[in-house]
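1. coords below, sequence missing:
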């Protein structure tokens with residue numbers, strides 16, 4: 001296949017639990033579709049306890065109930081962070097990992113450990129240590145963090161503004177936006193409609209179960225691709 005494959009951009013922030021849920025499924029999209037996935041860092045703005053409105057506090061508390069429901073079948077744990085984090089060091093670490101072909105391994109471990117309160121995403125030494133565990137140079141990362149990494153993160157920020165990104169996870173595909181882990185089925189439906197699915201037309205696609213707020217599970221009727 002010589003033609004250039006369409007690109008799905010996936011914007012993530014390591015302090016977003018929904019971005020944690022979407023990270024591996026997002027990277028896996030090329031297994032099912034004739035697309036490439038380009039990961040981009042995005043810093044989500046957060047407010048700490050006492051800075052949120054009453055309704056925002058309700059939403060924050062609910063979000064961790066929600067991600068635990070989604071994550072439990074996948075063996076993922078989610079504990080709310082105990083403070084507000086500047087995720088820039090970890091995001092620059094992601095850019096560094098991507099340049100060296102270990103984005104998946106790095107991202108999965110950073111998400112996992114951050115949400116069990118075992119990793120400080122705003123600490124350069126912690127990020128350097130994780131990259132060293134993956135076989136990369138901690139010193140090379142520190143040099144990148146102090147120089148080109150800042151410029152690369154800024155370039156990603158400007159790109160996110162051009163793409164009108166406002167949260168994470170956030171996907172762009174063929175001029176359309178898909179915000180949130182629960183919008184991934186819509187993204188996949190669009191790729192199917194545009195003919196990028198790798199399986200044959202007419203195959204039965206098992207729908208993903210939908211977990212309602214009351215904890216009950218709904219499964220959509222089967223449909224053909």
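-> Sure, I can see it. Quantities reported herein were computed from a predicted structural model and do not represent experimental measurements.

2. just checking, what packs against the longest helix along the chain?
-> Identified as the longest helix of the chain according to DSSP state H is helix 54-71. The helices and strands touching helix 54-71, judged by 3 or more CB pairs under 8 Å, 6 or more residues apart in numbering; DSSP states H and E, are helix 17-27. For the C-beta atoms, the positions are set from N, CA and C on the backbone; glycine is no exception.

3. Just the residues contacting the helix it packs on, thanks.
-> 8, 10, 12-14, 37, 39, 63-64, 67, 70-71, 74, 76, 78, 103-104, 107-108, 111-112, 115, 168-169, 171, 180-181, 184 (CB atoms under 8 Å, 6 or more residues apart in numbering).

4. next structured bit after it?
-> Toward the C-terminus, helix 17-27 is succeeded by helix 29-32 as the next helix or strand (DSSP states H and E).

5. The protein: strands as residue ranges?
-> 7-12, 36-41, 170-173, 176-179, 204-205, 210-211, 217-218, 223-224 (DSSP state E).

6. returning to what we had before: now which of the contacts of helix 17-27 would you call buried?
-> With neighbours counted by 16 or more other CB atoms under 10 Å, these contain buried members at 8, 10, 12-14, 37, 39, 64, 67, 70-71, 76, 78, 103, 107, 111-112, 115, 168-169, 171, 180-181, 184.

7. Point to the helix or strand of this protein where mean pLDDT is at its lowest.
-> The helix or strand of the chain with the poorest confidence is strand 223-224; it has a mean of 40 (mean pLDDT, DSSP states H and E).

8. how deep is residue 142 tucked in, by neighbour count?
-> Neighbour count for residue 142, taken as other CB atoms under 10 Å: 17.

9. Tell me how far residue 81 lies from residue 74.
-> Applying CB to CB, to the nearest Å, the value for residue 81 to residue 74 is 20 Å.

10. what's the answer for residue 199, then?
-> On the measure of CB to CB, residue 199 and residue 74 end up 23 Å apart.

11. How about residue 100?
-> 26 Å.

12. residues in contact with residue 170?
-> 10-11, 42, 160, 163, 177-179.

13. Apologies, that question was intended for residue 107.
-> By CB under 8 Å, 6+ apart, the residues touching residue 107 are 12, 14, 23, 39, 94, 97.

14. From start to finish, how long is stretch 168-183 in a straight line?
-> 12 Å (CA to CA, to the nearest Å).

15. hmm, back to that, would CSV of the contacts of residue 107 with distance to residue 30 and pLDDT be doable?
-> Shown next, in CSV, are the contacts of residue 107 (distance: CB to CB, whole Å; pLDDT from 0 to 100):
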residue, distance to residue 30, pLDDT
12, 17, 97
14, 22, 97
23, 14, 97
39, 12, 98
94, 18, 98
97, 18, 98
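
16. Reformat those as a markdown table; add distance to residue 59.
-> Output for these, formatted as a markdown table (distance: CB to CB, whole Å):
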| residue | distance to residue 59 |
| --- | --- |
| 12 | 20 |
| 14 | 20 |
| 23 | 22 |
| 39 | 27 |
| 94 | 26 |
| 97 | 31 |
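
17. if we take the residues you listed, which one ends up nearest to residue 140?
-> Comparing the contacts of residue 107 against residue 140 with CB to CB places residue 97 closest, at 11.7 Å.
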